[in-house]
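Asker: Next comes the sequence, and after it the predicted model I'd like to discuss.
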Amino acid sequence: MSLFHGRWSRRTSLLAAGALAERDRAATLAHVESCAACRADLAASRELITLVETDPVRLAEPPLPVGALVSRVQARLAEDERPAGSRTWVKTLVPLGAVAAAVIALVMFRASQRPPLREQTGPRQAAVSEDSLRRLEASVARENAVRYLTEAQDLLVTVAAAPLACDRKRARVDVEEEARRSRELLSRRALLVEADRAEMAGARPVLEDVSNMLREVAGLDPCARPEDLLAIQEQMSRRRLLMKIDLMTRELQG
Amino acid sequence: MEASDRELMARLAAGDKDALGPLVERHHVRIYRIALSYLRDRDEAQDAVQETFVKACQGAARWDGSAEVAPWLARIAVNHAIDRYRRGRRRSKAETPLLDEDHGQRIAAPAPSPERRAMDSEAGERISAALLGLPDRQRAVVVLRLYEEMNLEEIARALDMSLGTVKSSLHRALRRMRVTLAGLRP
């Protein structure tokens, strides 16, 4: 390729992609008429563009019905909009309560192991407490995440199983209980899961997938159409969600 | 008469949640296709659509009332797709044990849809591989130009790049794709 051709190479690419302004387009076309290498270059780029135009994703339809998508978006917004003050104290106190209980148990255990006449020095005691607290907090965070995942897994297994038909409407399935439990579990997620902790980094994608799936179940009509349920089951299967919950639960439990 | 995109955005900015449904209905297919063109994964693309509308609602108050809504949503979608792809790439190594074969066999994969089969065809697979082989920003430029048909100035604004960089990126991406897709006929 000559240096001269190199100067026109970018223009022929842009020409093929329909991205040249009229004046540049005319100048490039005029040049291409007199340059065999540029003509070949333009033809190759045009062939590529034609090939990309056949990409099947151009006609792809979203797997999620628009109603379910709107419900998901609204649920996400509601989660983010919940006033921080209304949950922060619970979020803090629930794990701290567990930590406090564990610390008391630890202190009592250590006291029972301690030789009766030996004196404790202040700094050493503080160092032990801080380190223990950190480990206990991490342990409580992991346990809470496991509890959330286990409850979600139970619920999703129920959804995946053959549900009962609705009394009210024929050819529909009764998911009222599952939808209610999903809403309840989602509302408890903020209390149970401290997803922003460093120890939770590996679990975040699975926690997010689980919450998305629960939102979909929560958004179902109590007398749902079987195809809506099937769509949820297919998503769970495609994402291997139950398996991921299983593995993540084991990982968190160490 | 149907509300325009701008009216719906103004209503969203004022806190009217009922404006979300019509806006999603009007744009979700296009946003899904942008995300899918970039991410090449249906579930990831669907999640990206959800997050695009979440961000659109959260940013509604800051939306410039004179701007077109469709390119603004496309901008959110493609930038979110870039972030999502980068995060996914970082965590893919950490998640490798989750693809353990024994566990994978416990849940049967559903039959592929016609669209999935098309994407899995040789042409679909090779186009996916060619796009995924591009640097993140080059791929975004290709998607916005060849799939979304945005002009170069719009792409520059959407990706916060200079016009010259957009031109170079498009040129380099096309050259690279010509090599990766050599021998594949339309």
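Answerer: Structure received. Numbering: from 1, shown residues only, chains lettered A, B, ... in the order given.

Asker: which residues touch residue B:55?
Answerer: B:76, B:80 (Cβ atoms under 8 Å, 6 or more residues apart in numbering or on different chains). Just so you know, the C-beta spots here come from the backbone N, C-alpha and C atoms, and that holds for glycine as well.

Asker: Could you list the single helix or strand in chain B with the lowest mean pLDDT?
Answerer: Using mean pLDDT, DSSP states H and E, helix B:101-104 stands out as the lowest-scoring helix or strand of chain B, at a mean of 36.

Asker: Correction: the previous question concerned chain A.
Answerer: helix A:84-113 (a mean of 53).

Asker: Just checking the helix or strand following that helix against chain B, any contact.
Answerer: Proceeding N to C from helix A:84-113, the next assigned helix or strand is helix A:122-160, under DSSP states H and E. No: Helix A:122-160 is not in contact with chain B by Cβ under 8 Å from any Cβ of the partner chain; minimum separation 9.3 Å.

Asker: Okay, buried residues for helix A:122-160 please.
Answerer: Buried residues in helix A:122-160, counted by 16 or more other Cβ atoms under 10 Å in any protein chain shown: A:132-133, A:136-137, A:139-142, A:144-146, A:148-149, A:151-153, A:155-156, A:159-160.

Asker: Relative to chain A, how far out is the spatially most central residue of chain B?
Answerer: Nearest to the geometric centre of chain B sits residue B:35, at 1.9 Å (Cα atoms, centre = their mean). Applying Cβ to the nearest Cβ, to the nearest Å, the value for residue B:35 to chain A is 9 Å.

Asker: Over to residue B:15?
Answerer: 10 Å.

Asker: so that residue, which of the three states?
Answerer: coil (DSSP: H, G, I helix; E, B strand; the rest coil).

Asker: What degree of burial does residue A:26 show, as a neighbour count?
Answerer: Counted by other Cβ atoms under 10 Å in any protein chain shown, the residues lying close to residue A:26 total 11.

Asker: Sorry, wrong one. I was asking about residue A:56.
Answerer: 19.

Asker: ok, it touching residue B:124?
Answerer: Yes: Residue A:56 lies in contact with residue B:124 (Cβ atoms under 8 Å); the separation is 5.3 Å.

Asker: Give me the residue ranges of the chain where confidence is low.
Answerer: No chain in the question, so chain A it is. A:1-6, A:82-128, A:161-163, A:167-170 (pLDDT under 70).

Asker: The intended chain is chain B.
Answerer: In chain B (pLDDT under 70), the answer is B:89-120, B:186.

Asker: Show me it divided up by domain.
Answerer: B:1-96, B:112-186 (automatic domain parsing).

Asker: helices and strands around the lengthiest helix in chain B, which ones?
Answerer: Taking DSSP state H as the criterion, chain B has its longest helix at helix B:69-95. Helices and strands touching helix B:69-95, by 3 or more Cβ pairs under 8 Å, 6 or more residues apart in numbering or on different chains; DSSP states H and E, are helix B:5-13, helix B:20-39, helix B:42-58, helix B:136-142, helix B:152-159.

Asker: Take those and write them to a markdown table, including distance to residue B:77.
Answerer: Formatted as a markdown table, these follow (distance: least, Cβ to Cβ, whole Å):
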| stretch | distance to residue B:77 |
| --- | --- |
| helix B:5-13 | 15 |
| helix B:20-39 | 5 |
| helix B:42-58 | 4 |
| helix B:136-142 | 10 |
| helix B:152-159 | 9 |
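
Asker: how deep is the residue nearest to residue A:164 when sequence neighbours are not counted tucked in, by neighbour count?
Answerer: Leaving aside its sequence neighbours, residue A:164 sits nearest to residue A:174 (Cβ to Cβ, 6 or more residues apart in numbering or on different chains; 5.0 Å). If you count neighbours by other Cβ under 10 Å, residue A:174 ends up with 17.

Asker: And residue B:180, by the same measure?
Answerer: 16.

Asker: circling back: what would the domains of chain B look like in CSV with distance to residue A:69?
Answerer: Shown next, in CSV, are those (distance: least, Cβ to Cβ, whole Å):
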stretch, distance to residue A:69
domain B:1-96, 6
domain B:112-186, 18
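
Asker: so which of the ones you listed gets nearest residue A:47?
Answerer: Residue A:47 lies closest to domain B:112-186 among the domains of chain B, at 6.5 Å (Cβ to Cβ).

Asker: and that closest one with chain A, contact?
Answerer: Yes: Domain B:112-186 lies within reach of chain A by Cβ under 8 Å from any Cβ, at B:115, B:118-119, B:121, B:123-124, B:127, B:142, B:145-147, B:151-152, B:167-168, B:170-171, B:174-175, B:177-178, B:181, B:184-186.

Asker: And the residue of the stretch 1-150 of chain A closest to chain B?
Answerer: residue A:56 (3.6 Å; Cβ to the nearest Cβ).

Asker: I'd like the distance from that residue to residue B:44, if you could.
Answerer: Counting by Cβ to Cβ, to the nearest Å, the gap from residue A:56 to residue B:44 is 17 Å.

Asker: Residue B:5 reaches residue B:22, doesn't it?
Answerer: No: in this structure, residue B:5 is not within contact of residue B:22 by Cβ under 8 Å, at 9.1 Å.

Asker: Tell me the residues of the stretch 101-250 of chain A that contact chain B?
Answerer: A:202, A:205, A:212, A:234-235, A:237-240, A:242-244, A:246-248.

Asker: dump the residue contacts of the nearest residue in space to residue B:133 that is not next to it in sequence.
Answerer: Spatial nearest neighbour of residue B:133, excluding adjacent residues (Cβ to Cβ, 6+ apart): residue B:180 at 5.9 Å. By Cβ under 8 Å, 6+ apart, the contact set of residue B:180 is B:126, B:129, B:130, B:133.

Asker: List the buried residues in the strand or helix carrying the third one.
Answerer: Under the assignment given by DSSP H and E, the secondary-structure element containing residue B:130 is helix B:122-132. For helix B:122-132, a neighbour-count test (16+ other Cβ under 10 Å) marks B:123, B:124, B:126, B:127, B:128, B:130, B:131 as buried.

Asker: got it, and stretch A:172-191?
Answerer: A:172-175, A:178-179, A:181-183, A:185-186, A:189-190.

Asker: Pick out whichever of those sits closest to chain B.
Answerer: residue A:186 (14.8 Å).

Asker: tell me the SS of that closest one?
Answerer: Assignment for residue A:186 (three-state DSSP): helix.

Asker: isn't it right up against residue A:75?
Answerer: Yes: counting by Cβ under 8 Å, residue A:186 touches residue A:75, with 7.1 Å between them.

Asker: shared neighbours, the two?
Answerer: Common neighbours of residue A:186 and residue A:75 (Cβ under 8 Å, 6+ apart) are A:215, A:218.

Asker: Only the C-alpha atoms, please, for stretch B:13-31, written as CSV.
Answerer: Output in CSV follows, covering the C-alpha atoms of stretch B:13-31 (Å, rounded to 0.1, in the frame of the first residue of the first chain):
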residue,chain,number,x,y,z
ALA,B,13,-38.8,15.0,35.9
ALA,B,14,-41.8,16.3,37.8
GLY,B,15,-42.2,12.9,39.5
ASP,B,16,-45.0,11.5,37.5
LYS,B,17,-44.3,7.8,37.5
ASP,B,18,-47.1,7.0,35.0
ALA,B,19,-44.9,8.6,32.3
LEU,B,20,-42.4,5.7,32.5
GLY,B,21,-44.7,3.1,30.9
PRO,B,22,-45.2,4.9,27.5
LEU,B,23,-41.5,5.9,27.4
VAL,B,24,-40.4,2.3,28.0
GLU,B,25,-42.9,0.9,25.5
ARG,B,26,-41.7,3.3,22.8
HIS,B,27,-37.9,2.8,23.2
HIS,B,28,-37.2,-0.5,24.9
VAL,B,29,-36.8,-2.6,21.7
ARG,B,30,-34.3,-0.1,20.2
ILE,B,31,-32.4,0.1,23.5
